[in-house]
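1. need the 3D shape of this:
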Amino acid sequence: MNQNLIGYNGKIAFVNLSVDNVEIKDLNLQMAKDYVGGTGLSAKLTYDLLSDNDYEDLMNNPLSEINPLIFATGPITGTIRPSSGRYSVTGISPLTKIWGEGTAGGTFCISLRNSGFDAIIITGKAKEPIFLYIHDNIIEFKEANDLWGKDTYDSQQMIIEELGGDEKIKVLTTGPAGENLVRQAILLTDTGDAAGCGGAGGVMGSKKVKAIAVRGTKGVKVADPKKLLMESRRHLDLVYSEKEKKPPGPSSIDVPDMGISIGIKGSPLEYAFKRNSGCFSCPIMCHQFLTPSNAPAGEIWCAPIIDTAEWTSLVDGKKTPLINAFGDTVYVGVPTYDDNAWLFGKTLDLMGINAFDVGGLGHAGDGSWLITCYRLGIFTEAVISPIELHKVGTREFIESFATALAHRKGKLGTLLGEGVVRAAAYIKDHPREFGLTEEQAEKQWEVCERAYPAHGMINHHFYEKWIATPEAYQTPICAILWALATRDPFGSHHSAYVVYETGRHGNSRGHSKAVYFDENAGCRYLDAEGHPILANQTGQPEKGKWYDCHNVERKPAKANFTQGTPQAVKYSLAYGIQNDSLPLCDHLFPFIACRFTPWDSPPRIANDPAKSTDIAIASRLYTAVTGIPKSFEQLMEDSWRIWLLERAIHMRDNDRTRADDTFNKYYFDRPDAQGVSIDRDEFEKGLDMFYELMGCDVETGNPTRAALETYDLKDVADELDKLGKLP
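-> Predicted coordinates for the structure are as follows:
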């Protein structure tokens with residue numbers, strides 16, 4: 001181990017399942033400095049591991065044994081710093097067929113960090129089902145035939161019991177969906193913390209790895225504990241007011257939590273609420289722990305309850321039909337938080353299915369695929385069998401749906417296991433197999449495009465509230481982030497909403513301090529010194545004149561992709577990469593807006609910007625932990641280096657060009673709720689400007705030699721040049 005490495009374990013484990021071999025290598029100091037950790041480190045490891053020929057095979061089959069599945073912590077993981085309970089999972093996504101990255105929370109990451117490794121790289125395929133047991137620099141292969149077919153809850157308990165019942169052992173496992181190579185399969189730990197990255201559960205299943213169990217006792221060494229404590233306290237002081245020196249405790253059902261407790265409070269599920277909970281070292285406690293009488297107990301947050309409650313509300317009439325600005329029928333109203341909504345979400349967790357991706361099948365508010373096509377009469381009972389869609393919202397439906405998808409039962413269940421977009425594309429090309437006319441097949445494809453705007457990923461803030469609501473309007477930064485993405489970009493870029501604040505989402509979840517407002521380009525934030533945080537936009541109102549974004553009249557205006565948007569995208573990408581590489585929770589970082597406020601409370605506007613923003617805190621935390629001096633500007637440079645390397649992975653191995661940096665034509669052709677469609681020419685001009693800012697070739701959208709060498713990536717430029725792929 002390099003003795004100069006503080007804040008890292010200094011070890012990377014290469015696990016080759018095909019030959020039952022583990023090779024442990026030292027983490028290079030320069031690699032740690034340049035790529036930080038988490039997804040940044042994983043991007044570097046992936047680039048070095050894969051040759052062009054390897055990736056050509058992976059393009060055809062991301063579920064092949066050569067796909068490197070990487071689990072990585074970062075220097076912040078496991079420290080006392082708030083929101084340090086995160087790790088990254090990366091690999092070639094079965095869902096998108098391109099490199100995908102994601103982060104997850106919970107407590108598994110702490111055991112992984114304390115086990116002695118900064119990253120675990122799994123390649124190859126086991127001959128029989130196994131699970132890995134990692135403990136203090138040791139990795140063991142354990143037989144898992146009796147675990148194959150078990151759900152994610154039972155698997156964890158059986159493994160812990162087999163290893164002696166030590167409750168400090170943490171297990172990350174796939175369910176039946178991953179075993180059956182479902183492309184949207186997740187990995188789950190505890191009772192509700194999941195990792196996806198576009199089908200990580202399916203990759204685990206393809207390698208015959210049921211689970212990873214970790215028991216670590218090594219602890220985390222930091223360079224400057226006093227400075228780390230000081231910076232952590234400062235962050236908490238910024239997050240909470242003087243009256244809230246203690247973060248809201250577990251006894252309060254009103255802890256700010258993206259609106260989930262708000263949905264549960266006053267609903268039929270309130271009786272089951274026990275406490276708020278969160279990831280390791282979490283100051284906001286955004287999870288809820290419930291114990292319903294007729295369903296598994298556990299934690300829940302976001303999609304596994306919100307989206308399933310949307311499905312349930314279709315049955316009890318709380319969702320009513322509405323013709324939106326696109327001329328499409330959507331269903332609006334209050335989601336139904338009841339026992340069946342909970343059971344649906346937990347059943348998906350047990351099967352190891354991505355509940356968020358499933359949301360696009362029936363998420364009534366934002367436009368669904370399966371539900372809409374069923375209600376339009378396109379999908380008959382014969383098409384959707386054995387899924388009992390006519391019983392949606394009932395226990396019978398839940399069982400039939402989860403079983404059909406996880407076990408690939410029936411023609412539709414088998415297709416859904418390939419991903420919704422692939423399923424819809426197949427139906428479009430083979431209408432007669434499903435008894436459909438060509439017109440019906442085209443219509444169902446249009447509905448799918450609405451729900452899945454780009455790269456096979458479900459709509460997630462592509463348009464904010466684009467149904468017929470007064471506050472709906474376009475957000476150019478979101479469109480460009482989606483076009484550039486390799487996965488749902490808002491897994492780590494929620495801070496982008498600080499630029500185009502909707503009053504619903506933003507850093508600190510929809511309750512920003514105050515903003516500079518420009519009706520053509522959205523909102524822009526400056527830090528306490530007046531420096532741009534996400535955008536270098538000109539033409540701002542007079543400095544020091546603050547506007548309450550919740551009280552600004554929003555006028556219909558064509559989305560502007562050139563006034564500050566390219567700069568905002570560049571900064572937002574860097575912030576997201578920082579979140580995923582240190583890693584930190586993007587609900588809290590970058591710290592741009594003010595304190596947390598529940599959705600149903602008035603926003604708290606800070607009078608002093610210096611007391612509600614601190615965009616450099618992440619770099620100071622890195623320095624405190626590692627002892628490596630790193631300014632805000634240097635951390636931003638590191639983030640852009642990582643983005644260029646990620647882009648190099650795609651251009652080298654996936655032949656990605658500018659033509660891939662787009663989204664479905666549906667969103668160019670249809671107006672938003674204010675009657676304004678995306679101007680394709682303006683969108684392309686915005687991309688031009690972004691490429692130029694990043695040093696990329698405008699024609700291909702890919703980095704030039706000059707850009708790569710500027711960020712110390714000469715070896716990457718040389719390889720791309722040798723392969724004839726450098727612009």
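2. for residue 198, give me its contacts.
-> Each residue near residue 198 by Cβ atoms under 8 Å, 6 or more residues apart in numbering is listed here: 93, 94, 95, 96, 100, 102, 183, 184, 457, 487. (C-beta placed from N, C-alpha, C; glycine too.)
3. which single one of the residues you listed is nearest to residue 4?
-> Nearest to residue 4 among those: residue 102, at 30.3 Å, using Cβ to Cβ.
4. residue 430: neighbour count?
-> Neighbourhood size, residue 430 [other Cβ atoms under 10 Å]: 11.
5. in the lengthiest helix in the chain, what counts as buried?
-> Longest helix of the chain, by residue count under DSSP state H: helix 632-653. Across helix 632-653, burial judged by 16 or more other Cβ atoms under 10 Å covers 632, 635-653.
6. likewise stretch 221-228?
-> With burial defined by 16+ other Cβ under 10 Å, the residues of stretch 221-228 counted as buried are 222, 224, 227, 228.
7. between those residues, which is nearest residue 235?
-> Of all the buried residues of stretch 221-228, residue 235 sits closest to residue 228, with 10.8 Å by Cβ to Cβ.
8. hmm, that closest one is touching residue 82, no?
-> No - assessed by Cβ atoms under 8 Å, residue 228 is found out of contact with residue 82, at 11.2 Å.
9. quick one: the nearest residue to residue 641 once chain neighbours are set aside from residue 301, how far?
-> Distances taken as Cβ to Cβ, 6 or more residues apart in numbering put residue 711 closest to residue 641, at 4.0 Å, once the chain neighbours are dropped. According to Cβ to Cβ, to the nearest Å, residue 711 and residue 301 sit 36 Å apart.
10. for residue 636, same thing?
-> Using Cβ to Cβ, residue 636 is found at 30 Å from residue 301.
11. contacts only, for the most centrally placed residue in the chain.
-> The residue lying closest to the centre of the chain (Cα atoms, centre = their mean) is residue 491, at 2.5 Å. Shown in contact with residue 491 (Cβ under 8 Å, 6+ apart): 102, 103, 586.
12. any weak-confidence spans in the stretch 501-650 of the chain?
-> Where the stretch 501-650 of the chain drops to pLDDT under 70, the residues are 501-559, 592-613.
13. hmm, try it at 90
-> Scanning the stretch 501-650 of the chain for pLDDT under 90 picks out 501-576, 585-617, 632.
14. what of the stretch 101-250 of the chain?
-> In the prediction, the stretch 101-250 of the chain carries residues with pLDDT under 90 at positions 101-103, 105-106, 167, 192-198, 219-220, 232-250.
15. ok, which stretches of the stretch 401-550 of the chain are helices?
-> Counting by DSSP state H, counting those that start in this stretch, the stretch 401-550 of the chain has helices at residues 410-416, 420-429, 438-451, 476-484.
16. would JSON lines of the ones you listed with mean neighbour count, distance to residue 663 and mean pLDDT be doable?
-> Listed next are those as JSON lines, based on neighbours: other Cβ atoms under 10 Å; distance: least, Cβ to Cβ, whole Å; pLDDT from 0 to 100:
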{"stretch": "helix 410-416", "mean neighbour count": "21", "distance to residue 663": "22", "mean pLDDT": "92"}
{"stretch": "helix 420-429", "mean neighbour count": "19", "distance to residue 663": "12", "mean pLDDT": "94"}
{"stretch": "helix 438-451", "mean neighbour count": "20", "distance to residue 663": "9", "mean pLDDT": "91"}
{"stretch": "helix 476-484", "mean neighbour count": "25", "distance to residue 663": "5", "mean pLDDT": "85"}
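17. turn those helices into JSON lines, including distance to residue 88.
-> Formatted as JSON lines, these follow (distance: least, Cβ to Cβ, whole Å):
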{"stretch": "helix 410-416", "distance to residue 88": "27"}
{"stretch": "helix 420-429", "distance to residue 88": "25"}
{"stretch": "helix 438-451", "distance to residue 88": "27"}
{"stretch": "helix 476-484", "distance to residue 88": "19"}
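18. let me know which of those helices is the nearest to residue 563.
-> Closest approach to residue 563 among those is made by helix 476-484 (9.0 Å; Cβ to Cβ).
19. ok, the closest residue to residue 638 other than its chain neighbours - contacts?
-> Nearest residue to residue 638, sequence neighbours excluded (Cβ to Cβ, 6+ apart): residue 36, at 5.8 Å. Residues in contact with residue 36, defined by Cβ under 8 Å, 6+ apart, are 74, 75, 578, 581, 582, 622, 635, 638, 642.
20. and residue 683, by the same measure?
-> With contact set as Cβ under 8 Å, 6+ apart, residue 683 has these partners: 476, 479, 480, 483, 561, 668.
21. quick one: the fifth one and residue 688 touch, right?
-> No - Residue 561 lies out of contact with residue 688 (Cβ under 8 Å); the separation is 9.5 Å.
22. quick one: which of those two has more around it?
-> Using other Cβ under 10 Å, the more surrounded residue of residue 561 and residue 688 is residue 561, with 27 against 18.
23. which helices and strands does the next helix or strand after the longest helix of the chain pack with?
-> Beyond helix 632-653 on the C-terminal side, the first helix or strand identified by DSSP states H and E is helix 666-669. Here helix 666-669 touches helix 438-451, going by 3 or more Cβ pairs under 8 Å, 6 or more residues apart in numbering; DSSP states H and E.
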